[in-house]
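Colleague: could you work out the structure for the sequence below:
(one chain, ligands or ions: 1)
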Amino acid sequence: MGNPKAFLTINRKEAGYRPVLERIEDFGEVEQTLNTEDRMLQASRCMDCGVPFCHWACPLANTMPEWQDALYKGKWQDANELLAKTNNFPEFTGRVCPALCEKSCVLNLHGIPVTIRENEVAIVEHAFQEGYIKPHSPQKRTSKNIAVVGSGPAGLAVADMLNRKGHQVTVFEKDELPGGLLRLGIPDFKLNKKIIDRRVCLLEAEGIVFKNNIDVGKDLTCGDLLKSFDAVCLCIGAGQPRDLSVEGCNLNGVYFALDLLKQQNRLVRGMKIPREKRISAEGKNVVIIGGGDTGSDCVGTSIRQKAASVTQIEILPMPPKDMNPDTPWPLYPHILKTSSSHKEGCTRRWSLATKRFTGKNGKLTSVEVIDTQTGAIEYLPADLVFLSMGFIHPVHEGLLDDLGLTYDVRGNVAVVTPSKTSVDKVFVAGDALSGTSLVVRSIDSGRQAAQAIHTYLT
Ligand SMILES: Cc1cc2nc3c(=O)[nH]c(=O)nc-3n(C[C@H](O)[C@H](O)[C@H](O)COP(=O)(O)OP(=O)(O)OC[C@H]3O[C@@H](n4cnc5c(N)ncnc54)[C@H](O)[C@@H]3O)c2cc1C
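Modeller: So this is what the prediction gives:
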């Protein structure tokens, strides 16, 4: 620790966001960056605590105190090497992670944690800029072929780790480009897709083969998959959305959140979507059902599409604003989360359950809701509704059922030993194993599955 008193003399300084009126005009990343000097000063605030709770809270067990110290001393390359030891893709987590580490930082006892997430992304971006990150192909190849099904953060992490061990890895993806929810779920204003392209190019240069537009189970049968590869890792995510089967759910104007988010991500990439298939919030009253992160991404997207009004409703009561005695430090606090999208102009409502959708001539006109505290009924004007109540488990039909896999009580793929399913050669990682989670947890799950596969093969 270079400066033991910095936490007393240097204030926490966040890079902040682009001004609202500017950022809602485009889909560019909303978060800004600090200058180099300020960034290094922010790293100096790390106290190198005896028990680094940040490290404990991070699913990847990132060694924060070590790389904060290197960053403070201007040893950017060392900082990057320390970071890369535990995190395959800091450029993703540094942008979208809810930073469990910062919530557990000892300085968060005073609400002023080290800016760990921002420091992380600064280190990795600096490393790319300076050319520290180069393709490193394994020196020796084994004769083992591994198929990774799904190219989200879990699939990319499995592929990266197994390729480093010298195995030949092929990643199959049913969409047109790799990335999973990083590519088609999370909006560009949180994660610019060039960041994914840059990493995929690197992985390709290191020898990983990507095969897109292949729906495994359909375009490649399970029999052929098992015959052609020595091991298979399923990283297909938790794609089954939670539905709301109330009266009127078939009205024109009711969509799942991902219908909107996928389409908008494709439009930003320049893909042409026929007019009749376009979901556009322009000039419309939008109601988003579900108070979580996916809902918040729909808020930001609807605002950029120039919706007339955006309302996000949640069935649970509003969580406490600052402190929640149920989740004291160093736990991740269950408190009100206000995203950059929320600050762009939406109404947030709590304790509202959806009773039915009403419409005229087959088109949605309002959402009937009931206040779960008072029993009061209300009609929210709505031309568009996005169902954002989360995902229940991976899609069973097709690949998983055809492989004859077993499921746990929540419908996720069951394992017999860590990462290993009930079917020989077949492993699982990410949301398909844990249920819907976080990018950082998916990377960790991918790293664990890679270790299990390597042990199995050798
Ligand atoms: C809208 C949204 C926003 C989110 N925002 C955040 C955030 O800000 N921060 C955060 O930490 N987490 C966020 N999450 C959660 C995070 O994105 C997921 O936890 C993570 O992406 C899961 O990774 P995964 O690799 O397990 O699966 P996914 O990312 O879901 O990838 C699975 C991939 O498998 C492919 N696939 C499925 N079936 C097949 C098949 N049969 N053949 C070939 N390919 C197949 C899919 O097309 C997909 O590309 C968000 C989730 C959503 C939905």
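Colleague: which stretches of the stretch 201-350 of the chain form strands?
Modeller: 209-211, 231-234, 240-241, 254-256, 285-289, 309-313, 347-349 (DSSP state E, counting those that start in this stretch).
Colleague: reformat those strands as JSON lines; add mean pLDDT and distance to K103.
Modeller: C-betas here are computed from N, CA, C, even on glycine. Formatted as JSON lines, these follow (pLDDT from 0 to 100; distance: least, CB to CB, whole Å):
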{"stretch": "strand 209-211", "mean pLDDT": "98", "distance to K103": "35"}
{"stretch": "strand 231-234", "mean pLDDT": "98", "distance to K103": "31"}
{"stretch": "strand 240-241", "mean pLDDT": "96", "distance to K103": "28"}
{"stretch": "strand 254-256", "mean pLDDT": "98", "distance to K103": "30"}
{"stretch": "strand 285-289", "mean pLDDT": "98", "distance to K103": "25"}
{"stretch": "strand 309-313", "mean pLDDT": "98", "distance to K103": "23"}
{"stretch": "strand 347-349", "mean pLDDT": "98", "distance to K103": "21"}
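Colleague: is the residue lying closest to V246 once chain neighbours are set aside in a helix, a strand, or coil?
Modeller: Setting aside the residues directly before and after it, V246 is nearest to R356 in space (CB to CB, 6 or more residues apart in numbering), at 4.9 Å. State at R356, reduced to three classes by DSSP: H, G, I helix; E, B strand; the rest coil: strand.
Colleague: picking up where we left off before, any chance of TSV for the strands of the stretch 201-350 of the chain, columns distance to the ligand and mean neighbour count?
Modeller: Below are the strands of the stretch 201-350 of the chain laid out as TSV (distance: least, CB to the nearest ligand atom, whole Å; neighbours: other CB atoms under 10 Å):
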stretch	distance to the ligand	mean neighbour count
strand 209-211	9	16
strand 231-234	8	28
strand 240-241	9	17
strand 254-256	10	20
strand 285-289	12	27
strand 309-313	13	23
strand 347-349	17	16
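Colleague: how about those strands, which one is nearest E14?
Modeller: With respect to E14, and counting by CB to CB, the nearest of the strands of the stretch 201-350 of the chain is strand 347-349 at 22.2 Å.
Colleague: kindly state the beta-bridge partners for the residue nearest to V246.
Modeller: R356 has these beta-bridge partners by DSSP bridges: E247, E368.
Colleague: could we number from 10 for the rest of this?
Modeller: With the count now opening at 10, the last piece we talked about shows up as R365.
Colleague: contacting residues around A266?
Modeller: P250, I297, G299, T303, G304, D306, C307, F395, L396, S397 (CB atoms under 8 Å, 6 or more residues apart in numbering).
Colleague: so the residue nearest to V255 touches N259, yeah?
Modeller: No: under the criterion of CB atoms under 8 Å, R365 is not in contact with N259, lying 11.6 Å apart.
Colleague: do I have it right that D184 meets L190?
Modeller: No: at 10.4 Å, D184 and L190 do not qualify as touching, with contact defined as CB under 8 Å.
Colleague: who has more neighbours out of these two?
Modeller: L190 (25 against 17; other CB atoms under 10 Å).
Colleague: that one and I282, how far apart?
Modeller: In this view, L190 and I282 are 19 Å apart by CB to CB, to the nearest Å.
Colleague: nearest to the ligand: which residue in the stretch 310-459 of the chain?
Modeller: Of all residues in the stretch 310-459 of the chain, G439 sits closest to the ligand, at 2.3 Å by CB to the nearest ligand atom.
Colleague: so that residue versus N12, what's the distance?
Modeller: In this view, G439 and N12 are 39 Å apart by CB to CB.
Colleague: sweet, I'm off.
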